[in-house]
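Trainee: need a structure here:
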Amino acid sequence: MLCGKTQCPVLIRAKTFSRTMPMTDGLEIDGTCPPSVFVGRIGYPYVNVGPLVPPIHADTSLFDMPEEWLGRTIDEIVSFRSMMIRGKHRVHVNEFQESGKIMDSTLELALASRSTDVELMLRKKPTGFLFLDDGVQPFGPSAPLQNLKINNTKWDQRLEKAYYDSDLKACPAVIDLYRDGVLVTRIQRALSAGAFGIEENRRLVPTRWSITAVDSMISKRMMRAIRTYPLINEYRLYESSYLDNQFEILMIPDAWSYEAIEAWFPGSTWNPIGSNIVLYGDWEDRQDRTTYAKIGGCYYAARLAVCELLEKERRQATVIVLREARPGYVMPLGVWQVRENVRNAMLQRPHKYLTLDEAMERISTQFQIPLNHWMKVSHLISNARKQTKLALYF
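Mentor: Numbers count the residues shown, from 1 in each chain. Sure, this is the predicted structure:
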């Protein structure tokens, strides 16, 4: 605990290592795939692709369903994710459809509707014990694949329909599936495995990229409608706290604009050795942004969650997502926690105010960082404080 964190990430990894490695000491992994697949990005356009399989036989669907993880501890999430053994098969992203049986079976798993028994034959014993990334969920050891066998698996009929529609572009396919009730995680998985798009244009998409792509495509489509809806009637503040991340989502009765700002405490995931709090963010106005957000996938995950509420209510607002990542968030678990945290906030009854100052006062009581630090970084709050509304003259 010399690092000053509230929980030791080294010990969390060590515990998972001691549990997982005895189960993977061989060249064959026999277990039930949630289903889950992973497409890497190192070496693009030649990437490693394959399933993630825990060496147990059970209903493992929870292992790759972040929509059901809210409320679970870091230890719990790392515990079951560290059991996910990654098989790796090297493929060119544009030539995956002709790359053989391993890729065919991986694609089947990406379209599956339920857990499936899988047998991995590996070229060598799995190495590593916990892969961590800010964009994707953690997983355990990995090894090159020799062969891959899967039992009869049932495809999700909605994904299957999009897969066989070789004249349907990828973006409309993603939108249609979302509207049809398919979980965002499942859409991301299938897109990553090259299941959507016009036949000759299909390609593998690294998992990290597919997650952000789906969040971005769905929210961008929602934004088109949101811009046409009437404004909300008051200042709203939605709140959520999970895994030592405190979210304050401010909605201002003004035309659609969006901003996301993150603050990382010393000792937290992306500020492990710093002595000062780091704040940074990005924003967009009424027009669709054309550049990638500075804060990465978290920006788009939060944008999707707030758009879901505004679309449901058929209302328009300026939205500012503020996130305080405190020292208890000791390791990256993926952008899913941002999406689900903000979704959770949107489910709560908001605090409502007549003025921006009242809303900001509430934020100041929930955050540990003084309000003036946020004000210096936020473009949209600054605009809202300076801008005089025509309504004042009526």
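
Trainee: from here on, contacts and neighbour counts on C-alpha atoms
Mentor: Will do.

Trainee: Dump the C-alpha coordinates for stretch 210-225 into CSV.
Mentor: The C-alpha coordinates for stretch 210-225 follow below in CSV (Å, rounded to 0.1, in the frame of the first residue of the first chain):
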residue,chain,number,x,y,z
SER,A,210,-15.9,-1.2,-32.5
ILE,A,211,-17.0,-0.3,-29.0
THR,A,212,-16.6,3.4,-29.7
ALA,A,213,-18.0,3.1,-33.2
VAL,A,214,-21.3,1.6,-32.0
ASP,A,215,-21.7,4.2,-29.2
SER,A,216,-20.9,7.0,-31.7
MET,A,217,-23.2,5.7,-34.5
ILE,A,218,-26.2,5.2,-32.3
SER,A,219,-25.9,8.5,-30.4
LYS,A,220,-25.3,10.5,-33.6
ARG,A,221,-28.5,9.1,-35.1
MET,A,222,-30.4,10.0,-32.0
MET,A,223,-28.9,13.6,-32.0
ARG,A,224,-30.6,14.3,-35.4
ALA,A,225,-34.0,13.8,-33.8
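
Trainee: Buried residues, it. List them.
Mentor: 210-220, 222-223 (16 or more other CA atoms under 10 Å).

Trainee: now swap in stretch 150-170 and tell me
Mentor: Going by neighbour count (16+ other CA under 10 Å), the buried part of stretch 150-170 is Ile150, Thr153, Trp155, Arg158, Leu159, Glu160, Ala162, Tyr163, Ser166, Lys169, Ala170.

Trainee: The second one belongs to a helix?
Mentor: No. Per DSSP: H, G, I helix; E, B strand; the rest coil, Thr153 lies outside any helix segment and is coil.

Trainee: Could I get the contacting residues of Val182?
Mentor: With contact taken as CA atoms under 8 Å, 6 or more residues apart in numbering, Val182 is in contact with Arg158.

Trainee: related to what we said a few turns ago, what is the nearest of the buried residues of stretch 150-170 to Tyr353?
Mentor: Ala170 (41.4 Å; CA to CA).

Trainee: Count the neighbours of the closest residue to that closest one other than its chain neighbours for me.
Mentor: In space, Ala170 comes closest to Gly197 once its chain neighbours are excluded; the distance is 4.0 Å by CA to CA, 6 or more residues apart in numbering. The tally of other residues near Gly197 (other CA atoms under 10 Å) stands at 23.

Trainee: pLDDT at Gly197, what is it?
Mentor: At Gly197, the pLDDT value in this model is 97.

Trainee: Give the partner strands of whichever helix or strand Glu248 is part of in its sheet and their orientations.
Mentor: Element membership of Glu248 [criterion: DSSP states H and E] is strand 245-252. Sheet pairing of strand 245-252 (DSSP bridges) gives strand 235-242 (antiparallel), strand 318-325 (antiparallel).

Trainee: buried ones in the helix or strand Asp282 falls within?
Mentor: Using DSSP H and E, Asp282 sits in strand 278-284. Residues of strand 278-284 classed as buried: Leu279, Gly281, Asp282, Trp283, Glu284 (neighbour count, 16+ other CA under 10 Å).

Trainee: Mind putting these into JSON lines with pLDDT?
Mentor: Shown next, in JSON lines, are the buried residues of strand 278-284 (pLDDT from 0 to 100):
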{"residue": "Leu279", "pLDDT": "92"}
{"residue": "Gly281", "pLDDT": "94"}
{"residue": "Asp282", "pLDDT": "96"}
{"residue": "Trp283", "pLDDT": "97"}
{"residue": "Glu284", "pLDDT": "96"}
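
Trainee: could you redo these as JSON lines and give each row distance to Thr106?
Mentor: Converted to JSON lines, the buried residues of strand 278-284 look like this (distance: CA to CA, whole Å):
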{"residue": "Leu279", "distance to Thr106": "40"}
{"residue": "Gly281", "distance to Thr106": "37"}
{"residue": "Asp282", "distance to Thr106": "36"}
{"residue": "Trp283", "distance to Thr106": "37"}
{"residue": "Glu284", "distance to Thr106": "37"}
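
Trainee: which one of the residues you listed is nearest Ala293?
Mentor: Asp282 (6.1 Å).

Trainee: of all the strands paired with strand 245-252, which lies closest to Asp117?
Mentor: Taking CA to CA, strand 235-242 is the member of those nearest to Asp117, at 33.0 Å.

Trainee: one step back: output the contacting helices and strands for the helix or strand just after the strand holding Glu248.
Mentor: Sequence order places strand 257-264 as the next helix or strand after strand 245-252, per DSSP H and E. Judged by 3 or more CA pairs under 8 Å, 6 or more residues apart in numbering; DSSP states H and E, strand 257-264 is in contact with strand 278-284, helix 297-313, strand 318-325, helix 379-386.

Trainee: Show me the shaky parts of the stretch 151-300 of the chain.
Mentor: 267-275 (pLDDT under 70).

Trainee: Mind checking which of the buried residues of stretch 150-170 are in strands?
Mentor: With strands taken from DSSP state E, the overlap with the buried residues of stretch 150-170 comprises Ile150.

Trainee: mind giving me JSON lines with the buried residues of stretch 150-170 and columns for distance to Pro45?
Mentor: Converted to JSON lines, these look like this (distance: CA to CA, whole Å):
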{"residue": "Ile150", "distance to Pro45": "27"}
{"residue": "Thr153", "distance to Pro45": "29"}
{"residue": "Trp155", "distance to Pro45": "28"}
{"residue": "Arg158", "distance to Pro45": "29"}
{"residue": "Leu159", "distance to Pro45": "25"}
{"residue": "Glu160", "distance to Pro45": "26"}
{"residue": "Ala162", "distance to Pro45": "24"}
{"residue": "Tyr163", "distance to Pro45": "22"}
{"residue": "Ser166", "distance to Pro45": "22"}
{"residue": "Lys169", "distance to Pro45": "21"}
{"residue": "Ala170", "distance to Pro45": "19"}
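
Trainee: biggest separation within the buried residues of stretch 150-170, which pair?
Mentor: Spatially, the most separated pair among the buried residues of stretch 150-170 is Ile150 and Lys169, at 28.9 Å (CA to CA).

Trainee: give me the element Asp117 is part of.
Mentor: With DSSP H and E as the test, Asp117 turns up in strand 116-122.

Trainee: Show me the contact partners of that strand.
Mentor: The contact list for strand 116-122 (CA under 8 Å, 6+ apart) reads 27-35, 53, 57, 87, 109, 143-153.

Trainee: Kind regards, and thank you for your time.
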